[in-house]
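K.L.:
what's the 3D shape of this:
(one chain, ligands or ions: 1)
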Amino acid sequence: MKTQLELARDGHISEEMRKVAHAEGIDVEILRQRIAKGTVVIVGGLRQNSQPVGIGDGLGSKVNASIGTSTEIADLGLELRKAAVALESGADTLMELSVGGDLDKIRRTIIEATPLPVGTVPLYQAFCEATERYGDPNKLTEELLFDVLERQCADGVAFMAVHCGINLYAIERLKRQGYRHGGLVSKGGATMVGWMLANERENPLYERFDRVVEILKKYDTVLSLGNGLRAGAIADSLDRAQIQELLINCELAEAAREMDCQVMVEGPGHVPLDEIETSIILEKKMSGGAPYYMLGPLVTDVGAGYDHITAAIGIAMSSRYGADLLCYITPSEHLGLPNEEDVRIGVKAAKVAAHAGDIVKLRGRVAERDLDMSRARRDLDWERQFSFALFGDDARAMRDSRSPGAEHNCTMCGKFCALANANRHFM
Ligand code: SF4
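P.N.:
Numbers count the residues shown, from 1 in each chain. Sure thing, here's the model as predicted:
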């Protein structure tokens, strides 16, 4: 099977490219050129029930929702409901990040149940299986690791976060800088660092990068170069260890593209507002414009319980400066496994934020909807308002719950409705 990158480089326009160009409202030939250059990737679309989604240069910012069991709560029914809620709420992609229960069964069931492109972090399953088989994640073998990669790709995983960029030199940088204020917060990253230190060995995903690429390429699974050393505190943002990993990931992105594998690069994490633009410029410049997948970012460390908001602020800024795929954060971040309501709130907050960024990033292609909404609001035309709102049903339910009766305005200002009063002079 040829990857979308190979097809684009051959000058071929695939069905997936047509669908993405149509969804984005752009010319398919321009899309093909960006895919050929590696500045756009297409995830999904390879299974019958899966929609292809474009991520990258000139396309709308996409929102990822992550779900998955933990070692404490492993309920497949709950994860299926969360997957459904993510779809209903407008997520563009879904990451299945289970670490508890029958991992093959959970992944296959979720992939079967959702039309969203599904991503994974194969290191999770690899370390879980090593713990089950040998009683110790540090006994993970290279063969088991690559077997998990292949198994997940064969199941139809659309994109995969693989932590190839953590090497011994990056760990040395972490030691030399005196560790971190916020520690290591990537599950896969921290466990891989532990494995490398325990075994005094280089990361096999870095050392055998060609093997990683060959496996993913075979299935056209998009390689998402994982951010295993991402900062978990704004004070650690852009520290030397993280920049070291980013640099390696950007080099690897170039190597993957040369091997015709679709690739994107993952970013942080926790980032203060004034460092978001820098992070994006560095990634885009060093990777040759590979799509950037940012995890949040959270712009403060003290929003516990409301981290969907701290992330939404980061998402709006990231989207505005050119990040391409943004991972949602739920209100339960740092506190516990998200439930369905957390997923709903997290996705919707992220969608609003991504749209706000797109108004600047994509200008007229997106801002038109806001203009239509403003006019509907001015006209006190509620049906039009609900049709332009990102979440029209929610808006309608809120209005209905505090009905103004026969009035055309709302119960906020009642008879002092500014619009009704001003419109009679101008309309
Ligand atoms: S009552 Fe106030 S809030 Fe409601 S539509 Fe009129 S101006 Fe807007």
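
K.L.:
ok, now how distant is the closest residue to Ile313 other than its chain neighbours from Arg180?
P.N.:
Nearest non-adjacent residue to Ile313, counting by Cβ to Cβ, 6 or more residues apart in numbering: Val299, 5.0 Å away. Every C-beta, even on glycine, is put in place using the N, C-alpha and C of the backbone. Computed as Cβ to Cβ, to the nearest Å, the Val299 to Arg180 distance reads 18 Å.

K.L.:
ok, now Asn339?
P.N.:
Asn339 is 30 Å from Arg180, where distance means Cβ to Cβ.

K.L.:
And for Gln125?
P.N.:
27 Å.

K.L.:
out of these two, which sits in the busier spot?
P.N.:
Applying other Cβ atoms under 10 Å to Gln125 and Arg180 shows that Gln125 carries more neighbours, namely 24 against 18.

K.L.:
How about the contacts made by that one?
P.N.:
99, 103, 148, 152 (Cβ atoms under 8 Å, 6 or more residues apart in numbering).

K.L.:
got a winner among these for most neighbours?
P.N.:
Gln152 (28 neighbours).

K.L.:
So which bits of the worst-scoring helix or strand of the chain on mean pLDDT are buried?
P.N.:
Taking mean pLDDT, DSSP states H and E as the measure, the chain has helix 364-378 as its least confident helix or strand, at a mean of 92. The neighbour-count check on helix 364-378 (16 or more other Cβ atoms under 10 Å) flags 365-366, 369, 373, 376 as buried.

K.L.:
With distance to the ligand added, can I get these in TSV?
P.N.:
Below are those laid out as TSV (distance: Cβ to the nearest ligand atom, whole Å):
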residue	distance to the ligand
Arg365	28
Val366	24
Arg369	19
Met373	13
Ala376	11
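
K.L.:
pLDDT on stretch 171-182, on average?
P.N.:
The pLDDT scores in stretch 171-182 average 95.

K.L.:
ends of that stretch, how far apart?
P.N.:
By Cα to Cα, to the nearest Å, the extent of stretch 171-182 from end to end equals 16 Å.

K.L.:
can you check stretch 214-227 too?
P.N.:
Stretch 214-227 has an end-to-end distance of 21 Å (Cα to Cα).

K.L.:
Which positions within the top helix by length along the chain qualify as buried?
P.N.:
Taking DSSP state H as the criterion, the chain has its longest helix at helix 340-361. Within helix 340-361, the residues that count as buried by 16+ other Cβ under 10 Å are 340, 342-359, 361.

K.L.:
swap in stretch 279-288?
P.N.:
279-280, 282-284, 286-287.

K.L.:
Identify all contacting residues around that stretch.
P.N.:
For stretch 279-288, the external contacting residues (Cβ under 8 Å, 6+ apart) are 38-39, 237-238, 243, 246-247, 249-251, 253-254, 257, 265, 267-268, 271, 290, 292, 294, 297, 318, 321-323.

K.L.:
Which ones among those map onto helices?
P.N.:
243, 246-247, 249-251, 253-254, 257, 318, 321.

K.L.:
are any of those residues buried, and which?
P.N.:
Counted by 16+ other Cβ under 10 Å, the ones in helices among the contacts of stretch 279-288 give 243, 246, 249-250, 253, 257, 318, 321 as buried.

K.L.:
Enumerate the residues of the protein near the ligand.
P.N.:
Within the chain, the positions lying close to the ligand (Cβ under 6 Å from any ligand atom) are 409-410, 412-413, 417-419.

K.L.:
Any of those buried? List them.
P.N.:
Buried among the residues of the chain next to the ligand (16+ other Cβ under 10 Å): 409-410, 417, 419.

K.L.:
from the residues you listed, which ones fall inside helices?
P.N.:
Per DSSP H, those map to helices at Leu419.

K.L.:
which two from the buried ones among the residues of the chain next to the ligand end up farthest apart in space?
P.N.:
Cys410 and Leu419 (9.8 Å; Cβ to Cβ).

K.L.:
how about the helices in the stretch 51-200 of the chain?
P.N.:
76-89, 103-113, 122-134, 142-154, 168-176, 187-199 (DSSP state H, counting those that start in this stretch).

K.L.:
Redo the ones you listed as a markdown table? Include distance to Ala312.
P.N.:
Listed next are the helices of the stretch 51-200 of the chain as a markdown table, based on distance: least, Cβ to Cβ, whole Å:
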| stretch | distance to Ala312 |
| --- | --- |
| helix 76-89 | 14 |
| helix 103-113 | 25 |
| helix 122-134 | 26 |
| helix 142-154 | 30 |
| helix 168-176 | 30 |
| helix 187-199 | 23 |
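
K.L.:
so which of those comes closest to Glu214?
P.N.:
Of all the helices of the stretch 51-200 of the chain, helix 142-154 comes closest under Cβ to Cβ, at 9.8 Å.

K.L.:
now for the closest one, which elements pack on it?
P.N.:
Contacts defined by 3 or more Cβ pairs under 8 Å, 6 or more residues apart in numbering; DSSP states H and E place helix 142-154 against helix 122-134, strand 159-162, helix 204-207, helix 209-219.

K.L.:
Can you mark which positions in that helix are buried?
P.N.:
144-153.

K.L.:
most packed of the helices and strands packed on helix 142-154?
P.N.:
Mean neighbour count (mean count of other Cβ atoms under 10 Å) peaks for strand 159-162 among those, with a mean of 27.

K.L.:
Any chance you could list what contacts it?
P.N.:
41, 43, 93, 95, 117, 119-123, 149, 152-153, 188, 205, 212, 216, 221-226, 264, 266.

K.L.:
that older thread, to Leu76, which of the helices and strands packed on helix 142-154 lies closest?
P.N.:
helix 122-134 (15.2 Å).

K.L.:
could you check the angle helix 209-219 makes with that closest one?
P.N.:
Relative orientation of helix 122-134 versus helix 209-219 (axes from the mean of the first three to the mean of the last three Cα atoms, to 10 degrees): 110 degrees.

K.L.:
Helix 122-134 vs helix 142-154, what angle?
P.N.:
130 degrees.

K.L.:
Extract the C-alpha set from helix 122-134 and format it as CSV.
P.N.:
Extracted in CSV, the C-alpha atoms of helix 122-134 (Å, rounded to 0.1, in the frame of the first residue of the first chain):
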residue,chain,number,x,y,z
PRO,A,122,2.2,2.0,21.7
LEU,A,123,4.7,2.4,24.5
TYR,A,124,1.8,2.1,27.0
GLN,A,125,0.8,-1.3,25.8
ALA,A,126,4.4,-2.5,25.4
PHE,A,127,5.3,-1.6,29.0
CYS,A,128,2.0,-3.1,30.3
GLU,A,129,2.7,-6.4,28.5
ALA,A,130,6.3,-6.4,29.8
THR,A,131,5.0,-6.0,33.3
GLU,A,132,2.4,-8.8,32.8
ARG,A,133,4.9,-11.2,31.3
TYR,A,134,8.1,-10.5,33.2
